[in-house]
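Undergrad: I would like the atomic coordinates for the input below:
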Amino acid sequence: MELEQQLASVPLLAGLEPRARHRLAEVGKRRTYAPGEEIVREGTTGTALYILLTGAARVEQDGQELGQLSAGDFFGELALIEEHPRSATVTATAETDCLLFPAWEFTALLEEHPEIAIPIMRALIQRLHRSEHHPA
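TA: Numbers count the residues shown, from 1 in each chain. Coordinates of the predicted model:
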């Protein structure tokens, strides 16, 4: 499947204009992780947003599993706002393709396509709401 089509199937990006998704496809860095490979480690500085294109991953904090991620899920959005230590470790549980967006490149992309910020802001608000009303 072509990358732009994959991005159209990601809930976070589905509502964007095709032109904005095209720019995301141009800017994003594609990485493949083997089963068992860490994608990010808790405590390291986060500098990118990750979108899972294919595969699956486990999210752990302090050795406790917090959840699972699958194609269309994303993480690392706080890195787009500020450099902050990763709050969890994310490990591929199957061969996993990710598209990652370094914060500095994503910021430049937002200046060109500010509408990209809206779904990310909504997702952040949902996650904050869940953590406030349903703490682990």
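Undergrad: Check what contacts the lengthiest helix in the chain and list those residues.
TA: Counting residues, the longest helix found in the chain (DSSP state H) is helix 117-133. Outside helix 117-133, the residues that touch it by C-beta atoms under 8 Å, 6 or more residues apart in numbering are 12, 13, 15, 16, 49, 74, 77, 78, 80, 110. Where you see a C-beta, it was placed from the backbone N, CA and C, and this is true even at glycine.
Undergrad: what pLDDT does the first one get?
TA: Looking back up the chat, that one is residue 12. Listed pLDDT for residue 12 reads 79.
Undergrad: ok, back up a step: JSON lines please, covering the contacts of helix 117-133 and showing secondary structure.
TA: Converted to JSON lines, the contacts of helix 117-133 look like this (DSSP: H, G, I helix; E, B strand; the rest coil):
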{"residue": "12", "secondary structure": "coil"}
{"residue": "13", "secondary structure": "coil"}
{"residue": "15", "secondary structure": "coil"}
{"residue": "16", "secondary structure": "coil"}
{"residue": "49", "secondary structure": "strand"}
{"residue": "74", "secondary structure": "strand"}
{"residue": "77", "secondary structure": "helix"}
{"residue": "78", "secondary structure": "helix"}
{"residue": "80", "secondary structure": "helix"}
{"residue": "110", "secondary structure": "helix"}
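Undergrad: related to what we said a few turns ago, buried residues, the longest helix of the chain. List them.
TA: 119, 120 (16 or more other C-beta atoms under 10 Å).
Undergrad: For it, what does the pLDDT average out to?
TA: Per-residue scores along helix 117-133 average to 77.
Undergrad: re earlier: just the buried ones among the contacts of helix 117-133, please.
TA: Applying 16+ other C-beta under 10 Å to those flags 12, 13, 16, 49, 74, 77, 78, 80 as buried.
Undergrad: now those residues in CSV, with distance to residue 26?
TA: Putting the buried ones among the contacts of helix 117-133 into CSV (distance: C-beta to C-beta, whole Å) gives the following:
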residue, distance to residue 26
12, 17
13, 14
16, 14
49, 15
74, 18
77, 20
78, 24
80, 18
